[in-house]
Every structure is written in structure tokens, then in C-alpha cells.
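Undergrad: Fold the following, please.
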Amino acid sequence: MPFRVPRRGLALISALLLSLPALADEAADRAMRNALEAARNHQWNRIDQAAIDDHVLAGYVEYHRLRERLPNVDPATVNAYLTRYADSPLGDWLRGIAEIEYGRAGRFSDLLAVSDGEPRGTIRQCYYYTALLDRDPAAAAAGGRELWLAGRSQPSECNSLFDTLRARGEIDGKAIWRRLMLAWEAGETGLMNYLEGQLPAGWGGAKEALERLRKDYSAITRVPRDVGPDGASTTLFMAAMHQFTRADTEAALEAWRKIAPYLALSDAQRHTIEKDLAFYSMAREIVNNRAWVDANLARLADGDLLELRVRRALAERDWQGVIDWVHAMPDDPRQDARWQYWLGRALDELGDEQTAAKAFAAAADQRSFYGFAAADRLGRPYALNRHLAEFNDAYRQMVDDWPTVQRTEALMRIGEPGLARSEWYYASQQASEEQARALADYALRRGWYAMAVQTTILSDQWDALDWRFPPAYRASFREWGERADVDPFLLMGIARRESAFNPQAHSPVGARGLMQLMPGTAEHVSDRHGFDRPSPEELYQPESNIRLGSHYIREMMDRYSGNRLAAVAAYNAGPGRVDRWLREAPREFDLFVESIPYRETRAYVQAVLAYRVIFASLANGGDTQGIAMLDDSERQHRYDASLLARN
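TA: As a prediction, this is how the structure comes out:
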């Protein structure tokens, strides 16, 4: 009689058989994790090569092997690796290391064999053009001269290239002088002293003029118009005006008006000098320069300068000036919602309601703070301009099998999120439009919110709102928004602007996590609300960061009578500055925003309030009905010291 397995036993055996592939995958990942750690530490005897040969991340261990052996690796071996991993950052990384190591070893033929045209980075470029000195002298000279013309010291790896080009006469006295002028503009005194010593005979007059101007910028009206060899005077006067304008803009303009007719400068060179003069005249509000600035702005036709001029007209409530200067802008900036809104505001103030409505309508077609503000003026729904991309299950399954997706998943599994992001972002940059959309869709499905956002940025998918503004940590934002009595979509807007939903974000000044909290701020908020003080590392935990950030923005709202515009500005720039701005501010909300003196904070406030509309609309299925960027109080309140609750 045959042996019969009990039904319960069959179930156990089936479960065991199903679990075997997962156990095998886990073992392979463990072997790869150990191998990668060993490879980083050059402990090759610890690597079980047979266990990782078929792993999707085997190329990472091979990368470390090849890197350690360079430059003693045949370029054919390097190129074979570059071909295998052309779809991964691994290829770019190894090429960069190989170019440096071959260059350092003087193996220039090998360097050119693995290069793919001019590389990135100054050191690699210097080695690359050194390699071309004999093979393509003209290209080496052109590339070397461009590297030479820098206002700061270049790496020592460039010395051989520069020395050879100087010996060949490709870097001559004129090139040394041009670099000397760049060093002067950059304030690099040490480099200036070195370059002066390298000037050949015949440059004495130019050096004397330079020393005179360094001591007294106003001497620019008295030094000879023609000093040194041909071209020396041009760069001397350019550099001198650069320095003079920054030191004393009013005196610099006076001097420029005296000498400009007599200088042999090109139109582009004159434009550079006059743009500088106009910018610093307006930024420093030099009253005596205003007439000259206004007389020349239209001719200079520079968007940044005209923006400054419009903002000054707004500060002075010069509505006709706003209209005139917006119309003087080049087409691209003039059509932006910001300037169409202000054009409409100015026309409305002057009683031309019909033309104002047309300008507001042009602004309201755009998705931005001023586009939404214009829509409010017209009583229109907000224009989200949302692009929806849908993928069927079959296509998604194909995406799941893409090598870059498989490598990213494996890197996540073995605890290498930094490398995973590198893989993903490299693929996003190389992808076609459809592929980039598929990658963003995959990232969102996996809950990789920061990667979804960054994918849309790297691939210019500005209308892919569902991926640019994902529902990241929405439950936590809702919970802590409710507890702190703050709109959760405002919190999401802040986090999206601060970190793009990367919980590991760390700013140069030490701000951490989703809402970019400084450790000191987090401690003070914790003390005031009875929370345990977090360690700096805990600020990278989304829940902890959202809890503290929610209560901090609540404090800012309490400080400014519940006004979100002022509170958001304070979140970015600090409440002390906002208190000061309010004491000097225009009274309308839009003029308050435009009067914020920090460009970063102006942009921040506009972005956060617009992002809030987008998050709220997406949570509503993409419908903006019933969603307002500002409430009645925020639109109508006087933006002055009365907003300060403690007053």
C-alpha cells in the first residue's frame, strides 16, 4: 500500500516550496550586501564570487575591482564594462576614474581610448587636453586656453597643459593679461601677483595703469586710453568698471559717462558694463542714477533689470510706470502670469477694467501664485493644466523588468538608498518622455515619493501633477495638521518646497528632514509643546519631523493673527525679518508679497501657497471647485504691523 501524505502535510510542503525562491533571493541579497561592503574595503578574499555572479548588482562589485586596479587595466576591459553598463551611472563613474588615473600615470593614449569627448570636471578636462597635445594640437590649444581663462587658481593637474601651451606660444602675454583681469574681478590677489610676474616684456605701461586703478578706481577717467599691447586697454577698463561699480555705483556711473564715448569697446562689452551699472543703481536705490537708468533700460532689454524696475514702480504705486515697464520686457518674461497679473492690476487701478480683464485672463491660464490670484480676480476656477498618463498592467509589468528598475529595487533591498537614487536619477535623465513617465509612475506605485518628484523634474514633466505633487505622508500631515489646527495641504506645500519629500534631506546650514527643521528650532518647539526633545537623527523620521514642523508653523500663524502669507514667509526667512517687513510693508497682500526684499522668500511664499492649492485639488480628484488660495481675511487684511498679534 503506497504511503499517503496527510492533507495538512501537503499544505506544509506546498508552503515550503513556495517560500524557497524568496529564501534564495534573500540569501543572494545577503551575499551581495556582504560582497559590496568587502569590495569597498578592498577585502577581496571575503567575497563569495559564485554567490553573486548572477546577481543584478554584480556590476557594483566589478566596479570596485576595476577601480582599485586602475591605471593597470587595459582600456579594452574598461570599454567593455562601459558598454555593459551604459544604462547605469556605473559606466560614467568608471570612465571618470579611468580618465583621472590614466592621466595621472601619463597613459594618455589609454585615456583617449576610454574618453567620450570632452569630459566633465576641470581635472578630467586638463588631462584630456594634455592627451590631445600631440594628437590634435589645435583642439588642445583651444580647450587649454578656455581652462586657462579662469579668475581663480586651477588644479595642479592643469600645470603640464598650461606649461606646454605657454612654451608653444598658445598662451601668450595677452592670455596672461586677460586672466589677470579675471583674477582682479574675483578678488584673487595671490593669483594676480603670480600672473603679473609672468607677463613678458612690453607690458610695463599696462601694469602701471593697473596698479594705479587698484589704488583709486576714480583714476579710470585719467589713465591713458591705450596702454600695453593691442587689446590690453579693453580688458583693463572692463575689469576696472566691474570693480568700481560694486565699490561706488554713483561715482562709477559718473566716470562711465565721461569715458564711454572714447573707449574702443564692442556693443556686447558696453552692454555688460551698463547692465552692471543699472542693476546696482536700482538695487542700491541710488536716486541720482535714476534718470540714466530709465533712459537706458529699454535699450538694454534685460528681463532681470526690468523686473527690478517694475518692482520699484509697484513700491511707489506708479501704476502707469508698471504698465510701461512691463510692456518694455522681452516677450518671454512679459507673458509670465506674474507680469500679466501686475499689468492687469495697474490697468485696473487706472480705470481700464476691460483691458485689465484681458491681462488677468492671460495670467489665469497659468498654474502659479499669480495665475491663481488672477483667477480669483475674475471669479474663475484655477487652471491646473494637469496631464494624466495611464499605463495598462501589461506595460507596467514590462517596466517592472527594466534593468534599471531591477537594480534600483535590489539596492533598496540591501540598504543602499543613495546608490538606488543615483540609478534612478541617471535613468530619468536618459529616458525618453514616455519612459520617464513610466519611471515616475513606478516610483509613485512604490511609495518612493522623492524619487517620483525628482523624476518629473529631471525629465521636464511640469504638468504631471500627480507625480510632481504625490500624496506623500498625507495621513501624517492630516493627523498633525488636525492636532496643531493647521491646514494639512499647507503643511504638504511647505514640505514639498523644502525637501521635495525627501525625509533624508539635509541643508548646508543643518536643517533636516521633510520640513527642514533646524535642531535648535525643533528643541524649542518640543519644549513649548511638551514633546520629548528629538535627537538630530530623529528629525529624519517623517512622523517626528511633521509633528514638530506642524506646531512650528502654527506658532508662526499665531504670531501673525492666523495669516498664512506672513507665517510662511517667517518659516523661510525668520519671524524677526517678517516683523520688520510688515512695519514697512504695502497694505495689499499682493504688494506685500512683491515687496519682500529676499528673492528666495518671495519665490518661497508664492510656491507654498500655490502648492497648497494643487495638493488640495488633487485630493479632490483634480477639481478646484471650492478651493481658494487665500481666504477673505488674507486677501483683504492690511499687511502692516496690525498683523502682529502681540500688538
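Undergrad: low pLDDT regions in this protein?
TA: Within the chain, the stretches falling below the threshold (pLDDT under 70) are 1-24, 646-647.
Undergrad: in the stretch 101-250 of the chain, which spans are helices?
TA: For the stretch 101-250 of the chain, the helices identified by DSSP state H, counting those that start in this stretch occupy 108-114, 122-135, 137-148, 159-167, 173-186, 189-198, 204-215, 232-247, 249-259, in order along the chain.
Undergrad: Would you mind listing the outside residues contacting the fourth one?
TA: The one in question is helix 159-167. 126, 129-130, 133, 140-141, 144-145, 147-148, 154, 171-172 (CB atoms under 8 Å, 6 or more residues apart in numbering). C-beta: built from backbone N, CA, C; applies to glycine.
Undergrad: Considering the residues you listed, which possesses the most neighbours?
TA: Neighbour counts for these were taken using other CB atoms under 10 Å; the highest belongs to residue 144, with 27 neighbours.
Undergrad: correct me, but that residue touches residue 154?
TA: No. Assessed by CB atoms under 8 Å, residue 144 is found out of contact with residue 154, at 10.5 Å.
Undergrad: hang on, the earlier thing: who wins for proximity to residue 283 among the helices of the stretch 101-250 of the chain?
TA: With CB to CB as the criterion, residue 283 lies closest to helix 249-259 of the helices of the stretch 101-250 of the chain, at 8.7 Å.
Undergrad: Show me what that closest one is packed up against.
TA: Identification of packing neighbours for helix 249-259 by 3 or more CB pairs under 8 Å, 6 or more residues apart in numbering; DSSP states H and E yields helix 232-247, helix 267-283.
Undergrad: and the angle from that helix to helix 267-283?
TA: 150 degrees (axes from the mean of the first three to the mean of the last three CA atoms, to 10 degrees).
Undergrad: Now do helix 249-259 and helix 232-247, the angle between them.
TA: Using the same axes, to 10 degrees: helix 249-259 against helix 232-247 is 150 degrees.
Undergrad: before we move on, back to that, export the helices of the stretch 101-250 of the chain to a markdown table and tack on distance to residue 294?
TA: Shown next, in a markdown table, are these (distance: least, CB to CB, whole Å):
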| stretch | distance to residue 294 |
| --- | --- |
| helix 108-114 | 55 |
| helix 122-135 | 42 |
| helix 137-148 | 38 |
| helix 159-167 | 46 |
| helix 173-186 | 28 |
| helix 189-198 | 37 |
| helix 204-215 | 29 |
| helix 232-247 | 18 |
| helix 249-259 | 13 |
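Undergrad: wait, which of those is closest to residue 291?
TA: helix 249-259 (10.5 Å).
Undergrad: So what touches that closest one?
TA: Around helix 249-259, the neighbours that count as contacts under CB under 8 Å, 6+ apart are 217-218, 220-221, 225, 237, 241, 244-245, 273-274, 277, 280-281, 284, 286, 288-289, 292.
Undergrad: if we can go back for a sec, quick check: which of the helices and strands packed on helix 249-259 is buried the most?
TA: Of all the helices and strands packed on helix 249-259, helix 232-247 has the most neighbours on average by mean count of other CB atoms under 10 Å, namely a mean of 21.
Undergrad: Name the surrounding residues that touch that helix.
TA: For helix 232-247, contacts defined as CB under 8 Å, 6+ apart pick out 174, 177-178, 181-182, 184-185, 203, 206, 209-210, 213, 217-218, 220, 224-228, 251-253, 255-256, 259, 263-265, 269, 272-273, 276-277, 280.
Undergrad: Just the buried ones among those residues, please.
TA: Neighbour-count burial (16 or more other CB atoms under 10 Å) is assigned, among the contacts of helix 232-247, to 174, 177-178, 181-182, 184, 203, 206, 209-210, 213, 217, 220, 227-228, 252-253, 255-256, 259, 263, 265, 269, 273, 276-277, 280.
Undergrad: coming back round to it: a markdown table please, covering the helices and strands packed on helix 249-259 and showing distance to residue 87.
TA: Shown next, in a markdown table, are the helices and strands packed on helix 249-259 (distance: least, CB to CB, whole Å):
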| stretch | distance to residue 87 |
| --- | --- |
| helix 232-247 | 45 |
| helix 267-283 | 42 |
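Undergrad: of all the ones you listed, which lies closest to residue 376?
TA: Distance to residue 376, taken as CB to CB, is lowest for helix 267-283 among these, at 30.2 Å.
Undergrad: heading toward the C-terminus, what's the first helix or strand past the closest one?
TA: Proceeding C-terminally, helix 267-283 gives way to helix 290-300 as the next helix or strand, assigned by DSSP states H and E.
Undergrad: quick one, that following helix and helix 267-283 angle?
TA: 140 degrees.
Undergrad: For helix 290-300, name the packing helices and strands.
TA: Using 3+ CB pairs under 8 Å, 6+ apart as the contact criterion, the elements in contact with helix 290-300 are helix 267-283, helix 303-315.
Undergrad: The residue sitting nearest the centre point of the chain: which element?
TA: Nearest to the centroid of the C-alpha atoms of the chain, with distances taken as CA atoms, centre = their mean, sits residue 457, at 10.4 Å. When secondary structure is defined using DSSP H and E, the element that contains residue 457 is helix 449-458.
Undergrad: Cheers, nothing more for now.
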